[in-house]
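Novice: with the sequence up front, the predicted model follows.
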Amino acid sequence: MLRTNERPSAYYRPVSLPAGDVHVYAGDELYEAMGSKVFEMANNNLQIPNIRYMSYTPDVHVGVGTCIGTTAVWDADEAYVSPSIVGSDIGCGMRVHLTNLRADDLKEVKLRRKLVKAIASYLPVEEHKRGHFSDLRLEHVLRKGLHGLPGKYVPDAYTPRQATSLSHVECGRYPFDEEALNRIPEPLWHRAHRQLGTLGNGNHFAELQAVEIHEENRDVAEKWGLFDGQVVVMIHSGSRAWGGAVNQFCGSEVAKTMRRLGLGTADPKLAFAPLDSEAGRTYANLMYSALNYATANRHLIAYAIREALRDELGPQVKTSTLYDLMHNYAWEEEHDGRKLFVHRKGATRALPPGHPANPAPYLETGHPALIPGSMGTASYLMVGRPEGARNCYSICHGAGRIRSRNATKQLVTLREFEAAMRVGTEDEIVVNHRALEAILDESPQAYKNVDQIIDSVVGAELASVVAKCRPLATVKGV
């Protein structure tokens, strides 16, 4: 694994920088468009002591301290932990639920509008609104993740043979030293509690999609419970205010440690500390609490959508978890018998069939890797390949921005956005906003071409496509 002598190809090239090599997985066109800033940031990241390996996926773009699309690896016994290489939205990730609905059931635009309205009533999209789960105890969620939710919010827990809520996930509970929770001031707990079961703004969304199975992997798709024309629910969200609280508290502690140890790079926003330092341990423990929050938050969003669908279409509507995973985190993994501490910021782990780290239901096939597109474009369900070991099984996490929100508003017209969403046609992708101007900065023109991203991942032999998911209706936060 992590073979640094891999030969360059059309979809892979090692880039030598003054501080070391960054391994770039991207087709020629995507690579040429990356710009110098991402390599300047890589050079800073490679100056963190003891770093063993660093790579970029094809959706890479500039972030704070570290690019989104980064995998960074240390040996576990001499690791550093970096809030910058985890990202501000700790535990941000994806969830997909299967339904027994077909796309033809939702072919009328009026019905899709009703469904979007119903979902929005269960799923507050305004930043200041409280979620519908005020009876939850936040400390239970932080300590136990999915296992801290009351049974009424895990309906399939009563039918263990059919249950997927607790088994079809990357991890349902992240253990940590719970004493670290006492470090977060009480006012920050209140906001995080209010936001359980909410999407957040920016690129977070919940979407109804129609499945198109990739013929090459039809056997895998069927084992996962997919069929052509099936409606699935895709969710993108993270740890909301709790992740923000962790970063707010730990940021100053990590900065103090860096000053004391004389650590730093040319980028003052690149934060890192030895994992075995007090600041490093505190951040890692609180990060795991945020992973618990994020996983439970996506589950609650899916529960709310299930209730909305049943309200509008009847109790015969069934949903089940296909998979839940994260793409902003750091944790210990074993590769070829060696314990490594792996950071992924805007990168998805995609394990191949037979890998022992797959959840039990996916040991035979490999687990679903959930890759969202931008608004109006397709999303993808993928599965890892054995060759992905050379990149710690990391692949892309989405399309990746090519221009800022302000630049998008200046360069993209409302008419162009409406055309991308097919407004006024039978195939309109219905959105929960009467005026698309409110979310113009999320138009597909703000992002790279997701099909090119997927082609690069497939071309690099990191993963293969199981299904393409066409958008039908979208709920966005503001």
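Specialist: Yep, it's here.
Novice: any stretches of the stretch 301-450 of the chain with poor pLDDT?
Specialist: 434-435 (pLDDT under 70).
Novice: for the closest residue to Pro14 other than its chain neighbours, what are its contacts?
Specialist: Closest residue in space to Pro14, ignoring its immediate chain neighbours: Asp21 at 4.9 Å, by C-beta to C-beta, 6 or more residues apart in numbering. For every residue, glycine as well, the C-beta is placed using N, CA and C. Each residue near Asp21 by C-beta atoms under 8 Å, 6 or more residues apart in numbering is listed here: 4, 14-15, 46, 54.
Novice: those residues into JSON lines, with extra columns for neighbour count, distance to Ile402 and pLDDT?
Specialist: Output for the contacts of Asp21, formatted as JSON lines (neighbours: other C-beta atoms under 10 Å; distance: C-beta to C-beta, whole Å; pLDDT from 0 to 100):
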{"residue": "Thr4", "neighbour count": "11", "distance to Ile402": "29", "pLDDT": "56"}
{"residue": "Pro14", "neighbour count": "16", "distance to Ile402": "24", "pLDDT": "97"}
{"residue": "Val15", "neighbour count": "17", "distance to Ile402": "20", "pLDDT": "97"}
{"residue": "Leu46", "neighbour count": "18", "distance to Ile402": "24", "pLDDT": "98"}
{"residue": "Met54", "neighbour count": "23", "distance to Ile402": "22", "pLDDT": "98"}
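Novice: among the residues you listed, which are in strands?
Specialist: Those of these mapping onto strands are 14-15, 54, per DSSP state E.
Novice: format these as TSV; extra columns: distance to Ser320.
Specialist: Compiled in TSV, the ones in strands among the contacts of Asp21 are given as follows (distance: C-beta to C-beta, whole Å):
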residue	distance to Ser320
Pro14	42
Val15	43
Met54	37
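Novice: who are the contact partners of the closest residue to Ala446 other than its chain neighbours?
Specialist: Computed as C-beta to C-beta, 6+ apart, the closest residue to Ala446 that is not its neighbour in sequence is Thr408, at 4.1 Å. Neighbour list for Thr408: 440-441, 443, 445-446 [criterion: C-beta under 8 Å, 6+ apart].
Novice: got a list of contacts for stretch 95-112?
Specialist: 115, 208, 210, 225-226, 229-235, 298-299, 301-302, 305-306, 309, 312-313, 316-325, 368, 370, 381, 426, 428, 430, 470, 472-473.
Novice: for stretch 77-88, same thing?
Specialist: Contacts of stretch 77-88 (C-beta under 8 Å, 6+ apart): 45, 48-51, 63-66, 68, 70, 72, 74, 243-244, 247, 250-251, 254, 269-275, 280, 283-284, 287, 328-330, 339, 341, 343, 345-346.
Novice: can you name every helix or strand that the strand ranked longest in the chain contacts?
Specialist: As assigned by DSSP E, the longest strand anywhere in the chain is strand 463-476. Using 3 or more C-beta pairs under 8 Å, 6 or more residues apart in numbering; DSSP states H and E, the elements in contact with strand 463-476 are helix 109-122, strand 205-213, helix 218-223, strand 230-237, strand 379-384, strand 430-431, helix 450-459.
Novice: tabulate those (CSV), appending distance to Trp189 and mean neighbour count.
Specialist: Output for the helices and strands packed on strand 463-476, formatted as CSV (distance: least, C-beta to C-beta, whole Å; neighbours: other C-beta atoms under 10 Å):
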stretch, distance to Trp189, mean neighbour count
helix 109-122, 24, 18
strand 205-213, 25, 23
helix 218-223, 42, 16
strand 230-237, 19, 24
strand 379-384, 34, 25
strand 430-431, 33, 24
helix 450-459, 37, 22
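Novice: where along the stretch 51-200 of the chain do the strands fall?
Specialist: All strands of the stretch 51-200 of the chain, identified by DSSP state E, counting those that start in this stretch, fall at 53-61, 68-75, 80-81, 93-102.
Novice: and those strands: which comes nearest Ala463?
Specialist: Set against Ala463 and scored by C-beta to C-beta, those come closest in strand 53-61, at 10.6 Å.
Novice: give me the sheet partners of the closest one and which way each runs.
Specialist: strand 20-25 (parallel), strand 68-75 (antiparallel) (DSSP bridges).
Novice: next one: that strand to chain centre, how far?
Specialist: 15 Å (C-alpha atoms, centre = their mean, to the nearest Å).
Novice: any idea of the angle it forms with helix 450-459?
Specialist: 160 degrees (axes from the mean of the first three to the mean of the last three C-alpha atoms, to 10 degrees).
Novice: please export the C-alpha coordinates of strand 53-61 as PDB.
Specialist: The C-alpha trace of strand 53-61 is given here as PDB (Å, rounded to 0.1, in the frame of the first residue of the first chain):
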ATOM      1  CA  TYR A  53       2.000  10.200   2.500                       C
ATOM      2  CA  MET A  54      -0.200  12.900   1.000                       C
ATOM      3  CA  SER A  55      -2.500  12.800  -2.000                       C
ATOM      4  CA  TYR A  56      -5.200  14.800  -3.900                       C
ATOM      5  CA  THR A  57      -8.300  13.400  -5.500                       C
ATOM      6  CA  PRO A  58      -9.600  14.900  -8.700                       C
ATOM      7  CA  ASP A  59     -12.200  17.200  -7.000                       C
ATOM      8  CA  VAL A  60      -9.400  19.000  -5.100                       C
ATOM      9  CA  HIS A  61      -9.900  22.700  -4.500                       C
END
